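sharing a model prediction with you, sequence too.
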Amino acid sequence: MLRFTVRRLLLLIPILIGLSILVFLWIRALPGSPAEALLGERATAESIAQIRAQYGLDDPLYVQYWRYVQTLVEGDLGTSISSRRPVSTEIRERFPATIELTLAAGLFALFFGIPLGFFAAKRYGGIFDNSSLVLSLIGVSIPIFFLGIILKWIFAVRLGWLPSIGRQDVLIEADHPTNFYVLDGIVTRNWEAAWDAVKHLILPAIALGSIPLALISRITRAAVLDVQNEDYVRTARAKGLPPRTVDSRHVFRNAMLPISTVIGLQVGLLLSGAILTETVFAFPGIGTWIQASIENRDYPVLQGGILFVAVIVVVVNILVDLSYGLLNPRIRLAGR
Amino acid sequence: MSVAEIEAREIQMEGGSGDLWSEAMYRLIRNPAAVVGALIVATFIAVAIFAPLLAPYDPREQNLDLIAEGCCPGPSRDYPLGVDDLGRDELSRIIYGARFSLLIGIVSVSVGLTFGLLLGSIAGYFRPLDSPIMRVMDVMLAIPGFLMAIGIVALLGPGLGSVMIAIGVINVPIFTRLMRGSIIGQRDNDYVLAARAVGVPGRRILASHIMPNAISPVIVAGTLALATAIIDAAGLGFLGLGPQDPATPEWGTMLTDTVRYLQSAPFLAILPGVAIVIVVMGFNLIGDGLREALDPKLRGRA
Amino acid sequence: MRKLLRTGVALVALSLLVAAVAAGSADRAAQANDTLVFAGAADPVVLDFALISDGESFRVLYQMTETLVGLKPGTTKIVPQLATSWKKSANGKTWTFNLRKNVRFHDGTPFNAAAVCANFNRWYNFRGALQSSSTSYYYNVVFAGFRYGKGSLAAKNGLYRSCQAKGSNVAVIQLRRAFGPFLGILTIGPFSMQSPTAMKKYGADKGRLTADGVFQPLGTYGTAHPAGTGPFKFSSWKVGDNLEIVRNDDYWGKKAFLRRVIFRPIADNAARLQALQTGELDGYDLVEPQDIATIKRNKDLKVLDRPAFNVAYVTINQAVEPFDDLRVRQAVAYGLDRARVVKSFYAGRGVVAHEFMPSSIPGYATNVKKYAYNPAKSKALLKAAGLTLPVEVEFWWPSDVSRPYMPNPKNNFQAFAASLNKSGFKVVAKSAPWNPTYLGRQQAGTAGALNLIGWTGDYADADNFIGTFFRTEQEAWGFNDPKIFDLLNKALQETDLEARAALYQQANRYIMGTLLPGVPYAHTKPALGFRRTIVGYVPSPTTSESFASIRKLG
């Protein structure tokens, strides 16, 4: 186990280096000067010339890269051009929102996806199975932002059941010690605030979680179907064990193996889907921030934001790999 | 007849290329979902190819008189699906949109497939090149695909070409991994070893045993990649990174431009959105059907 | 049986959940009557008026800070604000302001002549990064000279000379030359009076230049302790989420009705509209044309008009042949179907523009030469200029942007291209993202022969429009016409209001008749959307309205 862990962690290093090089080169190659963007129509030829004179990008690339790595190591990811604040500060303030949304979407996908897939497998070929297949098919086929807009229109505008923007009703007085709004509400015993935060999460979580939901339900169904036909299940049934015990002790536990791999892979999907979802719901997380930076050509933000998200995905994937090794002895022992 | 000979004949029956495909076809036809998917895809391709014959109007022709009262008049006799905010016929734009979506899907997936298959085969066969190639793929896979596509389009400048290249590039690692894994898997497979032991020449092993089986997951992945390509293109368009020519009747761009009219003329956004959903569903259905049809585990069980 | 029971329980639980959710929504409807929730498109950058140039910072800061002279609400008429009266010297270089008595800044320190001079001198004494026009844009544009400036920014090249405080209620500003628009520019926010004590205490000038040439403020004045004299004062700011200001109960004038205002940044226009419909917002600015009908149809909402103060125009780059020939430019003017564009894409909120400034500013001339759409005339003119039809013309438009004067550049472009193609031209379409490429090229004169752009006025003076465009030689326009340069410079120095108006009228006639450097096509009334329960909001042409007069009914 230790060797496996160490190998996996060692792999992390070249990946991170590769990532930083990729992002650095990408930023240097992007067209346009962001400082000009601040002025809009008001930019006169003189002001543009003045701003250009403040650029210091004449040093050779490797020197620039080394300086870049140094600042990275210090935790300095640059300064946002639109807001003039350090990128690391922005990330620190906005990331909890995205985590909350991603968690909510993931929980939604798991909570509804696994039972859906399970029961679809149990009722193989029946109406429930087929309709769940159609549903999950639609789930992966619909663009997230389209789904988000439709959901918003139906449930927020037309029916008025749920809020359409933000994380919390501005008129609710609430403290935010952890910056995770639901948790904050619980910790400060402000139940109204906690419930309000949950309400604001529902629609975006459904939109964002639609694809993972579809995938998880399909994988669960396939895994359960596979396991059901395995010899050891048949043996257990032949032994006379009640079906529910067979299900929970053998089928479910073994089906969870492929499911757990898929869960880990969803993180990348969820984080990149967050960009589209947050925009539609004006959710103040990393997603809206990156989307605004695209429009504003706010390159430090794009650079820092994408690098940050990529690192998170890498770390999560490594953790998933490790946990998969824990769960599946074959992987561990093979060492490969 | 020795045991070896009997087994050799069995192996030939199992691994023969002709048998694999016809068996898959047989199973495919009997899968109702796959048939529906095939119909959808076929219709889509037909509409895309015969667009000039099917569309009643030129999709770029403006008719500003129609929207003099404001946007936008809905379906009418002359314009079955209504007109958009520049007075262009929606039906024609949807029809021609199929062309663009097909183009985006095919070009981007081809780019990904070509480079992916190439790199994957090299990595699968030549052991010394395996590790470096896969490390690079790991780095590329580390960044979530859509995010990377954003980066690539930002680098190349927004536009149809950039979108196709970007989506192609993010598909490369997937196909590389798939192809390599497939080749490695097949290489050490029992029946290949057995065929080698019996004396079947290496070239034939490659052609009739390894390749057909290695290709099938790629075909499945390719079909599904087509579906994702269309969705990713729509997403990139939503962020303002898609085709810049204003008159382009591409579904993703149409969706982006008309979302603002959701409250005043919802059909303008719903039509391209539904078109995307249906076509993507079609590809997914076929992809799933192919996957089940080509699954070696199910072979021989009919 | 057991299964039935289980499904039954599940259904009951589900319906309880739905009911709870639906019930909660009722609370939202009963919003506090003393609080206004308003959405802009983005967060302010920093709450220090001298260091910003973006609309959202303006909007918030206008509630908290005031200038020496102000504008009558809804108009461009100059009225007293922190100064009660003023006079200028005969040579126009010395301005004496009598200041309002008994006014305090939000931090309790008194507003007086010393504070006025402290503010002016602060700007004049800016060093290093603060001198850059990406930091102190408006000071650069108007005054342009710093005590410690070098080259073009040297003190002697600027407008400001000095400020003297005579007692505590009289401030005298000395300029280096006569400057007609002086009062007009003093109405804009970047020249408002902020508390010198607070600025010093919280490091308003502290900051550094990042590697990208952006000034990053490091003090806390602009993020946590802004102090002006306005009817509202700062309360709290959570970037990306909301910014709260509260009523200043020690205000010298009529106190605000509202107890507090909360600003929320919502970038997506559709999201703003929906939030207004659900009641999560009380109002927002920059309503898109196609949503106006939706708002009007809703019985709980209403649309407010902002008086037109912008102009959309097609630039003609005379450096590109054959557009240096007046006849060719006239052909362009006759070949653009402006009436149709304004009718189709401005949702009834646009009027066709006949000159480069809106009619509300003195200096507007009603008798300029007008160009109605006439393809035949275009063709005739092109032939008269000795050209073979169709004449190829590169026409640029900006992508991924929406401006108040040009809500949908794509649509404008397509319609214009179509009409030009019928008028003897062959349009070659080009586009680039608004920032930075399009703007950069437009300024540098490399955006083809024709391009779409516009301008929203900053202050109520003709120089802000046609002076900015035509007072100096610029690459964007590609011409060198000493006659118009001289005329506009003369008008700039003229401090007598009537004489100035006459000069600008003369300039407008010349521009639209003999020079024709471009074709203005629209002035728009931007729209705001509000819930019907909000009254007393008077939009200003320069977006400098105060929220103090707003009341929330019911």
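Noted; the coordinates are in hand.

excluding chain neighbours, give the residue nearest to B:Ser92 in space.
Spatial nearest neighbour of B:Ser92, excluding adjacent residues (C-beta to C-beta, 6 or more residues apart in numbering or on different chains): B:Ala55 at 3.8 Å. Just so you know, the C-beta spots here come from the backbone N, C-alpha and C atoms, and that holds for glycine as well.

which residues touch the one you found?
B:89, B:91-92, B:95-96 (C-beta atoms under 8 Å, 6 or more residues apart in numbering or on different chains).

wait, which of these is closest to C:Tyr62?
Lowest distance from C:Tyr62 to those (C-beta to C-beta) belongs to B:Asp89, with 46.6 Å.

helix/strand/coil for the closest residue to the closest one other than its chain neighbours?
Counting by C-beta to C-beta, 6+ apart, B:Tyr57 is the residue found nearest to B:Asp89 once chain neighbours are left out, at 4.2 Å. Put simply, B:Tyr57 is coil when judged by DSSP: H, G, I helix; E, B strand; the rest coil.

and B:Tyr57, backbone torsions?
Backbone torsions of B:Tyr57, given as degrees, to the nearest 10, read phi -130, psi 170.

burial count for it?
17 (other C-beta atoms under 10 Å in any protein chain shown).

and the one 4 residues further on, by the same measure?
Look at B:Glu61: counted by other C-beta under 10 Å, it has 13 neighbours.

pull the contacting residues for it.
Contacts for B:Glu61 (C-beta under 8 Å, 6+ apart) come out as B:88-89.

wait, what's in contact with A:Val170?
Applying C-beta under 8 Å, 6+ apart, the residues near A:Val170 are C:37, C:242, C:262, C:264.

surely the last one meets C:Ala42?
No: using C-beta atoms under 8 Å, C:Arg264 is not in contact with C:Ala42; the gap is 10.5 Å.

more neighbours: these two, which one.
When neighbours are counted by other C-beta under 10 Å, C:Arg264 and C:Ala42 differ, and C:Arg264 comes out ahead with 23 against 18.

that one sits in which helix or strand?
Under the criterion of DSSP states H and E, C:Arg264 resides in strand C:260-265.

swap in C:Thr543?
Judged by DSSP H and E, C:Thr543 forms part of no helix or strand.

isn't it right up against C:Pro307?
No: between C:Thr543 and C:Pro307 there is no contact under C-beta under 8 Å: 10.4 Å.

got any ranges where the chain has weak pLDDT?
Looking at chain A here, since you left the chain open. A:1, A:4, A:27-61, A:64, A:295, A:297, A:324-336 (pLDDT under 70).

you answered for a different chain; I wanted chain C.
For chain C (pLDDT under 70), the answer is C:1-10, C:13-31, C:211-214, C:400, C:435-436.

how about the residues of it near chain B?
Proximity of chain C to chain B is confined to C:269-270, C:273, C:288, C:290-291, C:293-294, C:340, C:343-345, C:347-348, C:397, C:399-400, C:408, C:410-411, C:413-415, C:418, C:429, C:431, C:433 under the rule C-beta under 8 Å from any C-beta of the partner chain.

distance of the nearest residue to C:Leu301 once chain neighbours are set aside from B:Leu268?
Excluding the flanking residues, the one nearest C:Leu301 by C-beta to C-beta, 6+ apart is C:Ile295, at 4.8 Å. According to C-beta to C-beta, to the nearest Å, C:Ile295 and B:Leu268 sit 19 Å apart.

more neighbours: the two, which one.
B:Leu268 (28 against 20).

tell me who's in contact with that one.
Here B:Leu268 is in contact with B:71-72, B:82, B:84-85, B:90, B:254, B:258, B:261 (C-beta under 8 Å, 6+ apart).

widest-spaced pair of the contacts of A:Val170?
Farthest-apart pair in these is C:Val37 and C:Asn242; separation 8.3 Å (C-beta to C-beta).

and those two? Which one has more around it.
Taking neighbours as other C-beta under 10 Å, C:Val37 and C:Asn242 compare with C:Val37 leading, 25 against 19.

can you classify that one by secondary structure?
Classification of C:Val37 by three-state DSSP places it in strand.

ok, now which ones touch it?
With contact taken as C-beta under 8 Å, 6+ apart, C:Val37 is in contact with A:170-171, C:31, C:261-262, C:264, C:280-283.

out of these, which end up buried?
Of the members of the contacts of C:Val37, the ones counted as buried by neighbours, 16 or more other C-beta atoms under 10 Å in any protein chain shown, are A:170, C:31, C:261-262, C:264, C:280-283.
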